[in-house]
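Peer 1: prediction below, plus the sequence it came from.
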Amino acid sequence: MARQRVGRSLAEDAYTAIRERVLLGDLAPGTRLVLQDLSKELGVSLSVVREAVTRLATERLLVATPQHGFVVQPLSLGDLADITWTRVQIETIALREAIKNGDLAWEVNLVAAHHALQSTDPMGPDGRISPAWGTVHSRFHAALTAGANRPWLSNIRQQLFDASELYRYWSASRDVLAGPSRRIKAVQREHKALVDAAISRDSKRACELIAHHFESTAAILAKNPDATSQNQSDA
């Protein structure tokens, strides 16, 4: 049965549905996508599904391979380290520019984005990260650096954010050092500290905080390497 339209096009609907399945782990890293099955499940044509998965491949949530078609991005500690390092470099550039150039409207939008984030329950009823929280979290990080007013920089920053989402969701479900509630509270404190540093125009402090914010996700997953080695073997 055809799904209710939620986006501006069928391809956008399919993109959103498949992306959510990937991020929530319904399509695990290394899983091969059967496009015909997705076409039937989503109630759209095969060409629409191909358009959606091609877009996801450009965001590095999927990988196009000659032998297997499209597969969910396998997890790799090396890839995670590379993404994390690159995110820190790009995000700190964007954050410094935002703090230097951001006006009152940027501050107001940032505070509003943070309020929306803090008001959204991170965990869904199934105990996994809520898709609604994922959306407002993405908007918060975009608002944090929006004052830079650098469209190319913003696009690169968002692409890196999207590419890291799979790792963030995976690490959240495998935080073996602290329970989920402790990790959630720590992330909330990190977000509040970022807002405070940005609004006070403390560029040095803000950049230190954002680096720690990204690196903590990598550190959590690195302490549970079985999560990546298993998915590498499945790819």
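Peer 2: Ah, there it is. Residues are numbered from 1 along each chain as shown.

Peer 1: can you give me the end-to-end distance of stretch 92-108?
Peer 2: Counting by C-alpha to C-alpha, to the nearest Å, you get 21 Å between the two ends of stretch 92-108.

Peer 1: any buried residues in it, and which?
Peer 2: T92, I93, A94, L95, R96, E97, A98, I99, G102, W106, E107 (16 or more other C-beta atoms under 10 Å). Just so you know, the C-beta spots here come from the backbone N, C-alpha and C atoms, and that holds for glycine as well.

Peer 1: ok, stretch 133-142 next?
Peer 2: Residues of stretch 133-142 classed as buried: W133, G134, V136, H137, S138, R139, F140, H141, A142 (neighbour count, 16+ other C-beta under 10 Å).

Peer 1: could I get the full set of helices for the chain?
Peer 2: Assigned by DSSP state H, the helices in the chain fall at 10-23, 35-42, 46-58, 77-101, 104-118, 131-145, 151-172, 180-199, 203-222, 226-234.

Peer 1: please convert the ones you listed to TSV, extending it with distance to H68 and mean pLDDT.
Peer 2: Shown next, in TSV, are these (distance: least, C-beta to C-beta, whole Å; pLDDT from 0 to 100):
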stretch	distance to H68	mean pLDDT
helix 10-23	15	90
helix 35-42	12	95
helix 46-58	12	94
helix 77-101	18	95
helix 104-118	37	98
helix 131-145	27	93
helix 151-172	18	84
helix 180-199	33	88
helix 203-222	24	89
helix 226-234	11	44
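
Peer 1: how about these, which one is nearest F70?
Peer 2: helix 46-58 (4.8 Å; C-beta to C-beta).

Peer 1: packing partners for the closest one?
Peer 2: On a contact count with 3 or more C-beta pairs under 8 Å, 6 or more residues apart in numbering; DSSP states H and E, helix 46-58 meets helix 10-23, helix 35-42, strand 62-65, strand 69-72.

Peer 1: okay, now the domains of the chain?
Peer 2: 10-73, 77-225 (automatic domain parsing).

Peer 1: who's in contact with the nearest residue to A148 once chain neighbours are set aside?
Peer 2: Spatial nearest neighbour of A148, chain neighbours left out: E97 (3.5 Å); criterion: C-beta to C-beta, 6 or more residues apart in numbering. Contacts for E97 were tallied using C-beta atoms under 8 Å, 6 or more residues apart in numbering; they are T145, G147, A148, N149, R150, L153.

Peer 1: buried among these? Make that a ChimeraX selection.
Peer 2: Burial among the contacts of E97 is assessed by 16+ other C-beta under 10 Å; the matching ChimeraX selection reads:
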select :145,147,148,150,153
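
Peer 1: which of the contacts of E97 lies closest to G69?
Peer 2: For these, the nearest to G69 is L153 (33.2 Å; C-beta to C-beta).

Peer 1: my read: the closest one touches L95, true?
Peer 2: No. With contact defined as C-beta atoms under 8 Å, L153 and L95 do not form a contacting pair (10.4 Å).

Peer 1: most centrally placed residue in this structure?
Peer 2: The residue lying closest to the centre of the chain (C-alpha atoms, centre = their mean) is E165, at 2.8 Å.

Peer 1: how close does the closest residue to that one other than its chain neighbours sit to P29?
Peer 2: Excluding the flanking residues, the one nearest E165 by C-beta to C-beta, 6+ apart is L23, at 5.4 Å. Separation of L23 from P29 (C-beta to C-beta, to the nearest Å): 11 Å.

Peer 1: need the residues touching each of the two.
Peer 2: L166.

Peer 1: neighbour-wise, which of these two wins?
Peer 2: A side-by-side neighbour count of L23 and P29, using other C-beta atoms under 10 Å, places P29 first with 24 against 21.
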